[in-house]
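**Q** Need the 3D shape of this:
(4 chains, ligands or ions: 8)
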Number of protein chains: 4
Amino acid sequence: MNILFVGDVFGSAGRHIVREHLPHVLETNAVDLLVINGENAAGGFGITPSIAEELFDLGAHVITTGNHIWDKKEIFEYMAVPEDSHSRNRRIIRPANYAVGTPGFGVYEGELGNGQSYAVLNLQGRVFMSSCDDPFRKADEIISKLTAKVILLDLHAETTSEKVAMGWYLDGRVTAVLGTHTHIPTADERVLPGGTAYQTDVGMSGPYDSVIGVEKELVLGRFLTGMPGKFEAAKGNPKMCAALIACDGATGQAQSIQRIMLGE
Amino acid sequence: MNILFVGDVFGSAGRHIVREHLPHVLETNAVDLLVINGENAAGGFGITPSIAEELFDLGAHVITTGNHIWDKKEIFEYMAVPEDSHSRNRRIIRPANYAVGTPGFGVYEGELGNGQSYAVLNLQGRVFMSSCDDPFRKADEIISKLTAKVILLDLHAETTSEKVAMGWYLDGRVTAVLGTHTHIPTADERVLPGGTAYQTDVGMSGPYDSVIGVEKELVLGRFLTGMPGKFEAAKGNPKMCAALIACDGATGQAQSIQRIMLGE
Amino acid sequence: MNILFVGDVFGSAGRHIVREHLPHVLETNAVDLLVINGENAAGGFGITPSIAEELFDLGAHVITTGNHIWDKKEIFEYMAVPEDSHSRNRRIIRPANYAVGTPGFGVYEGELGNGQSYAVLNLQGRVFMSSCDDPFRKADEIISKLTAKVILLDLHAETTSEKVAMGWYLDGRVTAVLGTHTHIPTADERVLPGGTAYQTDVGMSGPYDSVIGVEKELVLGRFLTGMPGKFEAAKGNPKMCAALIACDGATGQAQSIQRIMLGE
Amino acid sequence: MNILFVGDVFGSAGRHIVREHLPHVLETNAVDLLVINGENAAGGFGITPSIAEELFDLGAHVITTGNHIWDKKEIFEYMAVPEDSHSRNRRIIRPANYAVGTPGFGVYEGELGNGQSYAVLNLQGRVFMSSCDDPFRKADEIISKLTAKVILLDLHAETTSEKVAMGWYLDGRVTAVLGTHTHIPTADERVLPGGTAYQTDVGMSGPYDSVIGVEKELVLGRFLTGMPGKFEAAKGNPKMCAALIACDGATGQAQSIQRIMLGE
Ligand SMILES: [Fe+2]
Ligand SMILES: [Fe+2]
Ligand SMILES: [Fe+2]
Ligand SMILES: [Fe+2]
Ligand SMILES: [Fe+2]
Ligand SMILES: [Fe+2]
Ligand SMILES: [Fe+2]
Ligand SMILES: [Fe+2]
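**A** Residues are numbered from 1 along each chain as shown, chains lettered A, B, ... in the order given. Ligands and ions are numbered 1, 2, ... in the order given. Sure thing, here's the model as predicted:
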């Protein structure tokens, strides 16, 4: 069974490059399950219902997110569906370790057309990020309740230490631990000894002639002066970054992980 | 002209793997200038004079460091030499944007045996790190005084945004901007349009069956309980991570950058 | 009913000044319940079993702590007692929102000699502090299980905003919300409209010719150079800082709060 | 000579309470120099030219600010005046350790009607705040160039440690070191041994039935859910917080400092 996970889609440049490459990547690699991180899909900040629909139209089974999920308020209502729904609205998730009562859900468990069950879990790190619940214990709690064997975790976190630690913590218990949020892909993809595919950060799918997606002059201005100013999504040099995982559908054990970076 | 930069050497496992690979990497690639980040060379925390000598014995022209530089106090005196010295003691540097009066220096300008001049600069980021002076303006100040055209910057920083921003800021003004500190190599190496070789993080040269160098059980214990406990350097799965840069010695312009990760 | 809460006792200077003033303060004010924050009682960093005994000898019914609780390892075993114990070992508590499985407990419910029941709760803030569980929801969870009406909360936190927010959140549900950790007393003590006594920080009981307890030259050195160095407890100008609360023992409603600062 | 320093004026409630109390406080205490921190004067976030004029109309000789200074963009142009100007536009200052090239100035040196010279300096702390230049060395640099003996520093900082450290660092070199930013007054005002009046935080002049100025429900919602939402200035229970300093105009030595908190 093949899983494709696409890293943080950033703005229109990110959506365009993903739309350009997805069809052939999905076909060439016989991808069964497609998961896309969409927290920056709307101009770099959040995601709207129509952009979520756009990503689902591209074939996403599940959309994961992260700290930017609430940037566009329209998404609150879109995500307000019953927990047992399988609609698109239920298949966009936010970090599971957000406060109780936050809109939406942090895990989705479903079934592919061929009857293969799977789960996608989203968690957020705590180091150098806003306070949220313990991602390690939340992972334990959620995984213990899942019946699917194929489990993919999008860990949205800042530091390498917290992501690497989670990889070891869940090794053998989930199919893949994939990092997002830093917007730069890491070159440490591997299958850990227990059978979990791991990559510290999958990298952004967006414009790389930028500072992690934003027009570079605007970010440099901020670093040099500390003064406020609107951040605009850049356009130049778009690349789609993703991870392709092969696993045993019956056991959920990963067999391989491959890093993908595709430009124009 | 070929430059090899070796990422954060971590503990004895890191020193061993570097010692094992350096000779053939240096020879195969006709490396002219060798720079090693040694901030974690002594058991993962700091560097001692004898370990610095060990890295110089391996052929390092310059040793760069970062936030762990003061972990071993013996290094203070070792670094106390006149600014115009060219001894080994002068060729281990710490971030240039540390406070005035801090031991040591943040830039070294020298000459290879063949008369080729070069400079190595070390800076530290400010986002999610201890306070230090502005690395952008410190870069301007130092670069304006250098006569060497071949200039390598080791930017020791936490966030991708600050490192990427510095790459664009110095593009065309230095030969390479290479990130360190996160201990995980990034897959974004490239020559920027102005001729500066760039990689967000070169990655650690150390044990990868660990949490960024440290025994994984110890770090997981910290994440799970918040309780103190001594961190010990791990040993398993050592890899040497480095960046190989080809540049024009006359202009300092980078021609190529290649990511290197070598295991046992 | 009168409650005295003594702020972070810092090192030997703090213990001396508290020992000097407590007897007459307790007597003059007919104090029924004495609670002392002891996280810095041992040389400024942590607390040992013998120093805990010293504070209990002074009449403390309960000792609260904070982020420095684990600085001295001897305290781990001292705090390892059954939850339903009423021994001194059970009456030293650490923040209740630390990870499950951490030594000790975060709340103590007991009875005074006259049969008056009371509870003391300890929580830690999350802003600019190490990650821990949500203090607001943890407060809800614990308070809902208490039978005592007289409830005192020591909120060990960095920012004024998190402390003030907790005061409003618990107003009318606890007798007092008293802040600790910043080591400087605030002048905002008052009884909130719902009947909860509140003070953002009670202040340290320790040497005020210092930087929040530590020898000022050592802290200034750190600020000026960023270099490491051992922090030593200062001695000069000791003051005992405390809050005196009068409340209705039957309802737990606070009637008054008075700030106390007593020097030599 | 008498100096009155008014802490962070917050929104319209803060401006009203200051307007109500200032005339009699100025007169009763024969205040010679009036300095007001205005960073939150416009609805809690920033300051506009017309609100700056309003504070000058109340008698302010100098307006200091802090991290909120750029929240209202109209103030950029207002502050764009020559360094040697003595107009009102020149007498609103921002932290002096902001990046070179930032609008405005960080120190103002002037003369009262009676010929008494004075200087007002504004600095920002670095711990848990945005990166800026070293406030300790910036203080040295600026103070060494001043001719005035009467020097007041508004240190806008988060932590007690950084503020207390600055007090000791400048003791005997300036008339007063007064903290702002936490919006809660501290009860540690005193004249340090070298003759510098000191208070860790003067406290906000604004609505105290709030979370540091903002409507408490809005802040509690943020703490409880992590979700975004507009922050609105509160109105209830306004108080003016200030520090009154008596000093020798010839030497600049402080003789006394008195904490002031005046409600409706
Ligand atoms: Fe993102
Ligand atoms: Fe993110
Ligand atoms: Fe390192
Ligand atoms: Fe480092
Ligand atoms: Fe403390
Ligand atoms: Fe503390
Ligand atoms: Fe303020
Ligand atoms: Fe502020």
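
**Q** And the residue of the stretch 151-264 of chain A found nearest ligand 8, what's its pLDDT?
**A** Relative to ligand 8, the nearest point of the stretch 151-264 of chain A is residue A:226 (13.4 Å; Cβ to the ion). Every C-beta, even on glycine, is put in place using the N, C-alpha and C of the backbone. For residue A:226, the model assigns a pLDDT of 96.

**Q** so, in contact with ligand 2 or not, stretch A:71-79?
**A** No - shown here: stretch A:71-79 not in contact with ligand 2 (Cβ under 5 Å from the ion), separated by at least 10.2 Å.

**Q** cool, stretch A:149-166 as well?
**A** No - judged by Cβ under 5 Å from the ion, stretch A:149-166 makes no contact with ligand 2; its nearest approach is 5.6 Å.

**Q** can that stretch be found next to chain B?
**A** Yes - Stretch A:149-166 lies within reach of chain B by Cβ under 8 Å from any Cβ of the partner chain, at A:158-162, A:164-165.

**Q** could those go into a markdown table alongside pLDDT and distance to ligand 5?
**A** Formatted as a markdown table, those follow (pLDDT from 0 to 100; distance: Cβ to the ion, whole Å):
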| residue | pLDDT | distance to ligand 5 |
| --- | --- | --- |
| A:158 | 98 | 28 |
| A:159 | 98 | 27 |
| A:160 | 98 | 31 |
| A:161 | 98 | 27 |
| A:162 | 98 | 27 |
| A:164 | 98 | 32 |
| A:165 | 98 | 28 |
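
**Q** Helices - which of the residues you listed land there?
**A** If you go by DSSP state H, the residues of stretch A:149-166 next to chain B have A:160-162, A:164-165 in helices.

**Q** So which of these is the closest to residue C:217?
**A** Taking Cβ to Cβ as the measure, residue C:217 lies nearest residue A:161 of these, at 33.5 Å.

**Q** Correct me if wrong: the closest one contacts residue B:210.
**A** No - checked against Cβ atoms under 8 Å, the pair residue A:161 and residue B:210 is beyond contact range at 10.1 Å.

**Q** Name the residue in the two with the higher neighbour count.
**A** Counted by other Cβ atoms under 10 Å in any protein chain shown, residue A:161 and residue B:210 do not tie: residue B:210 has more neighbours, with 28 against 22.

**Q** Count the residues that sit near the residue of the stretch 101-250 of chain A found nearest ligand 1.
**A** When distances are taken as Cβ to the ion, the stretch 101-250 of chain A reaches nearest to ligand 1 at residue A:181, 5.3 Å away. A count of nearby residues for residue A:181, using other Cβ under 10 Å, gives 28.

**Q** How about stretch A:88-105, which residues are buried there?
**A** A:88-99, A:102-105 (16 or more other Cβ atoms under 10 Å in any protein chain shown).

**Q** what's the answer for stretch A:179-195, then?
**A** Neighbour-count burial for stretch A:179-195, counted by 16+ other Cβ under 10 Å, picks out A:179-189, A:191-192, A:195.

**Q** out of these, which are inside helices?
**A** Short answer: the buried residues of stretch A:179-195 have none in helices (DSSP H).

**Q** So which of these are in strands?
**A** Using DSSP state E, the members of the buried residues of stretch A:179-195 that fall within strands are A:179-180, A:191.

**Q** Run through the residues that contact residue A:59.
**A** Residues near residue A:59 by Cβ atoms under 8 Å, 6 or more residues apart in numbering or on different chains: A:22, A:26, A:34.

**Q** Now do the strands in chain A.
**A** Listed in chain order, the strands of chain A (DSSP E) span residues A:2-6, A:33-37, A:62-64, A:107-111, A:117-124, A:150-156, A:176-180, A:190-191, A:197-199, A:206-207, A:238-247, A:254-262.

**Q** Partner strands of the second one, with direction?
**A** Here the strand partners of strand A:33-37, with direction, are listed using DSSP bridges: strand A:2-6 (parallel), strand A:62-64 (parallel).

**Q** among those, which is nearest residue A:81?
**A** strand A:62-64 (13.5 Å).

**Q** ok, and what's touching that closest one?
**A** Contacts with strand A:62-64, where a contact means Cβ under 8 Å, 6+ apart, come from A:35-39, A:47, A:52, A:55-56, A:91-93, A:108, A:110, A:120, A:122, A:154, A:156, A:180.

**Q** that older thread, tabulate the strands paired with strand A:33-37 (TSV), appending mean pLDDT, distance to residue C:253 and mean neighbour count.
**A** Compiled in TSV, those are given as follows (pLDDT from 0 to 100; distance: least, Cβ to Cβ, whole Å; neighbours: other Cβ atoms under 10 Å in any protein chain shown):
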stretch	mean pLDDT	distance to residue C:253	mean neighbour count
strand A:2-6	99	56	25
strand A:62-64	98	48	30
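
**Q** can I get the ones you listed in a markdown table with distance to ligand 6?
**A** Shown next, in a markdown table, are the strands paired with strand A:33-37 (distance: least, Cβ to the ion, whole Å):
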| stretch | distance to ligand 6 |
| --- | --- |
| strand A:2-6 | 41 |
| strand A:62-64 | 37 |
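
**Q** closest one to residue A:149 among those?
**A** Taking Cβ to Cβ, strand A:2-6 is the member of the strands paired with strand A:33-37 nearest to residue A:149, at 12.7 Å.
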